[in-house]
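Asker: sequence plus the predicted model coming up.
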Amino acid sequence: MSQSKNDKTKKVRRNWLIAIIVVILLAIIGCLPTNYYIESPGEVFPVSEFIKTNKKKANNLNMVTVSISAQPVNVFQYLWSFTQQYDTRVPSKELLGGQTNSQYEELQNWYMETSQQNAIYYAAKKAGLKPKLHYIGVYVMAIQNNSSFKGKLQIGDTVLGANGHRFHSTKQMMTYLNKQKVGSKVTITVLRNKVKKNYSGKIVKLKNSTRKGIGIQLVEHLTVTTNPKIEINAGAIGGPSAGLMFTLESYEIFTHQNLAKNHKIAGTGTIDTTGKVGIIGGVDKKVVAADRAGAEVFFAPTDSTGVKKSNTNYEVAKRTAKRIHSKMKIVPVATFSDALNYLKKNYK
């Protein structure tokens, strides 16, 4: 009887030990990192929070964000995301495009800064003012593998000049570099974190081109000045998708209007200097976030660049709103004027 009792006690202890080991192993496995980031519905912010001006501002036009995990999630977080309907698991390679986290953040900061400048410029132009564009240099967006500046330049650097020459347009810079011989030495001046730096390298043949240069993919770095003065600073929020809403808010300031008459309006979409509203990512998550925040209207781009018409932001936004039984009105916009006209027509 005593022996049987001892055997049962040993069996219970063994089972407990096995259970503890299994729990520890599961905890270890669950904490292992994956190669995925999680995107989920973010937050809604009045764009007036980010605009600095001495003019009166309304606070009923809102930008919407997508929340992205700061780093690849662990196994537990990855599995948990399947229980959240609007969470998306994005492979690191797809999100970062082969860049490091810091390079990706630099690129997102550039997108945000460009959208802000475009917003101020177009809003001022639409308001009948005379905004002025100022050329600073060119942003480094990517670096060719055969560039001798690889490992020296960083994504987000602004190239100001070369060999002591300061350029006043991208065309000037490209023309100057193209006149140099392949293999000849060139010293460029760049702006990084508001500090000027010089780097030396060689002229190379540009990829998929007959031209010569320093082997970078670039876009213009411009700033705009207006009267009255407006500055936009979105802090740590990156990306170009608030362009439309920044433009609407800037236009309100320039024209001394309250376009939405205290109705809560949200929206998304890039903006360019012609007023075109461009496609963005994560619109389903933005619709969910806007609905949770109590927005009455959501502006969604109809731009079909790179997607089927059934998968434009507008079509996805409509499907998402229906799926979550939202009363929020989804309004299609192709241009800034579409959004402006809607507000003027509905909120007199």
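Answerer: It's in.

Asker: any chance you could map the strands in the stretch 201-348 of the chain?
Answerer: Along the stretch 201-348 of the chain, the stretches classed as strands by DSSP state E, counting those that start in this stretch are 204-205, 212-213, 216-225, 231-232, 265-267, 270-271, 277-278, 297-301, 329-333.

Asker: what strands line up against the fourth one, and which way round?
Answerer: Each strand pairing with strand 231-232, determined using DSSP bridges, is listed with its direction: strand 51-52 (antiparallel).

Asker: and if you look at the fifth one?
Answerer: Strand 265-267 pairs in its sheet with strand 61-68 (parallel), strand 297-301 (parallel), by DSSP bridges.

Asker: now the element after the first one, going C-ward?
Answerer: Per DSSP states H and E, strand 61-68 leads on to helix 75-80 as the next helix or strand towards the C-terminus.

Asker: give me the residues contacting that following helix.
Answerer: 29-32, 34, 36, 38, 69, 89 (CB atoms under 8 Å, 6 or more residues apart in numbering). Yep, even glycine has a C-beta here, placed from its N, CA and C like the rest.

Asker: domain map for this protein?
Answerer: 1-30, 36-76+111-131+226-346, 134-224 (automatic domain parsing).

Asker: turn the strands paired with strand 265-267 into TSV, columns for mean pLDDT.
Answerer: Converted to TSV, these look like this (pLDDT from 0 to 100):
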stretch	mean pLDDT
strand 61-68	96
strand 297-301	98
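
Asker: deepest of the ones you listed, which one?
Answerer: Highest mean neighbour count of the strands paired with strand 265-267: strand 297-301, a mean of 27 (counted as mean count of other CB atoms under 10 Å).

Asker: related to what we said a few turns ago, and the strands paired with strand 265-267: which comes nearest residue 187?
Answerer: Nearest of these to residue 187, taken as CB to CB: strand 61-68 at 37.9 Å.

Asker: return the distance of residue 238 relative to residue 306.
Answerer: 20 Å (CB to CB, to the nearest Å).

Asker: neighbour count winner among the two?
Answerer: residue 238 (21 against 7; other CB atoms under 10 Å).

Asker: specify the local secondary structure of residue 22.
Answerer: Secondary structure assignment for residue 22 (DSSP: H, G, I helix; E, B strand; the rest coil): helix.

Asker: give me the neighbour count for it.
Answerer: Neighbours of residue 22 (other CB under 10 Å): 10.

Asker: with residue 43 instead?
Answerer: Neighbours around residue 43, by other CB under 10 Å: 14.

Asker: now do residue 337
Answerer: Residue neighbour count, defined by other CB under 10 Å, stands at 13 for residue 337.

Asker: cool, the one 10 residues further on as well?
Answerer: Other residues near residue 347 number 15, with proximity taken as other CB under 10 Å.

Asker: same check, this time on residue 152
Answerer: 15.

Asker: do the same with residue 10
Answerer: Counted by other CB under 10 Å, the residues lying close to residue 10 total 10.

Asker: pretty sure residue 62 contacts residue 265?
Answerer: Yes: counting by CB atoms under 8 Å, residue 62 touches residue 265, with 6.5 Å between them.

Asker: tell me which of the domains of the chain sits nearest to residue 105.
Answerer: Each of the domains of the chain has some distance to residue 105 by CB to CB; the shortest is domain 36-76+111-131+226-346, at 6.5 Å.

Asker: do you know how far residue 102 is from residue 329?
Answerer: Relative to residue 329, and taking CB to CB, residue 102 is found at 40 Å.

Asker: which one's more surrounded, those two?
Answerer: Neighbour count, other CB under 10 Å: between residue 102 and residue 329, residue 329 has more, with 14 against 11.

Asker: let me know the pLDDT of the more buried one.
Answerer: We have a pLDDT of 97 for residue 329.

Asker: for residue 148, same thing?
Answerer: 93.

Asker: tell me how many other residues crowd it.
Answerer: Neighbours of residue 148 using other CB under 10 Å come to 18.

Asker: now do the one 5 residues further on
Answerer: One way to gauge burial is a neighbour count; for residue 153, by other CB under 10 Å, it gives 22.

Asker: and it, how far from residue 59?
Answerer: In terms of CB to CB, residue 153 sits 40 Å off from residue 59.

Asker: please identify the helix or strand for residue 110.
Answerer: In this assignment (DSSP H and E), residue 110 forms part of helix 101-126.

Asker: the next helix or strand after that helix pairs with which strands, parallel or anti?
Answerer: For helix 101-126, the succeeding helix or strand toward the C-terminus, using DSSP H and E, is strand 132-143. If you go by DSSP bridges, strand 132-143 pairs up with strand 158-162 (antiparallel), strand 216-225 (antiparallel).
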